[in-house]
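Enquirer: Take this sequence and fold it.
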Amino acid sequence: MLAPPVLAALPSLPGADQVRVAPIDPGLADTAAFCAAYDVTLEQSANCVIVVGKPAGVYAACVILATTRADVNGTVRRLLGTRKASFAPMDDAVGLSGMEYGGITPIGLPVGWPVYVDARVTSVDAAVIGSGIRGSKIVLPGAVLASMPGATVVDGLAL
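Expert: Below you'll find the model as predicted:
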């Protein structure tokens, strides 16, 4: 029920014993549909978006609550230290992460990619995130995401 890179990274995740995985209908993996069908609030749902800084081609992940959107042109661009930043093209996000679009998660991303976690995510007791595939979701304390190797908690990552 996990994408191969997620499965490989999970054992070394601090707090891995607090991670739960649940199957879902892959057709309901998108946030709004998932929340409506599974009675999960948007405040519990966290999205992982892949961004790229230009012209350097620096990739990073941003984990934000579903009630917010990443401040790509402001905070994210400054964190990457690039002139511009944008959402990574779908083919790049999928190909480089080894995960399915709509299921990308910060767990198991390529080594060296920064993972920026919006500070609001860390206070969610049971955050729902992708599992690397569209057919399941991971539930874990938001604080576990903050303790991931390469993760940085950022106030104002999302608007």
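
Enquirer: drop to CA atoms for contacts and neighbour counts, all remaining ones
Expert: Noted.

Enquirer: Can you tell me how far G53 is from A32?
Expert: Plainly put, G53 is 28 Å away from A32 if you go by C-alpha to C-alpha, to the nearest Å.

Enquirer: neighbour count winner among these two?
Expert: G53 (24 against 14; other C-alpha atoms under 10 Å).

Enquirer: can you tell me how far the more buried one sits from A9?
Expert: For G53, the distance to A9 - C-alpha to C-alpha - is 25 Å.

Enquirer: mind listing the strands in this protein by residue range?
Expert: Taking DSSP state E, the strands of the chain run over residues 20-23, 46-54, 58-65, 84-87, 115-118, 127-130, 136-140, 151-154.

Enquirer: what number of residues lie near D39?
Expert: Using other C-alpha under 10 Å as the criterion, D39 is surrounded by 9 other residues.

Enquirer: what do you get for L2?
Expert: 22.

Enquirer: OK, contacts around the nearest residue to it once chain neighbours are set aside?
Expert: Nearest-residue entry for L2: S131, 5.4 Å, with adjacent residues in sequence omitted and distances by C-alpha to C-alpha, 6 or more residues apart in numbering. With contacts defined as C-alpha atoms under 8 Å, 6 or more residues apart in numbering, S131 is in contact with 1-3, 6, 21, 103-105, 137-138.

Enquirer: Model confidence for the closest residue to A143 other than its chain neighbours, exactly?
Expert: Of all residues not flanking A143 in the chain, T122 sits nearest, at 4.4 Å (C-alpha to C-alpha, 6+ apart). Note on T122: pLDDT of 97.

Enquirer: Any idea which of the strands of the chain gets closest to A93?
Expert: Proximity to A93, assessed across the strands of the chain by C-alpha to C-alpha, is greatest for strand 46-54 (6.2 Å).

Enquirer: Neighbours of R20, how many?
Expert: When counting by other C-alpha under 10 Å, one arrives at 13 neighbours for R20.

Enquirer: do V128 as well
Expert: By the measure other C-alpha under 10 Å, the count of residues near V128 is 28.

Enquirer: same thing with P89?
Expert: The number of residues packed around P89, counting by other C-alpha under 10 Å, is 12.

Enquirer: same deal with the one 10 residues further on?
Expert: One way to gauge burial is a neighbour count; for M99, by other C-alpha under 10 Å, it gives 24.

Enquirer: which residues touch it?
Expert: Contacts for M99 were tallied using C-alpha under 8 Å, 6+ apart; they are 3, 5, 132-133.
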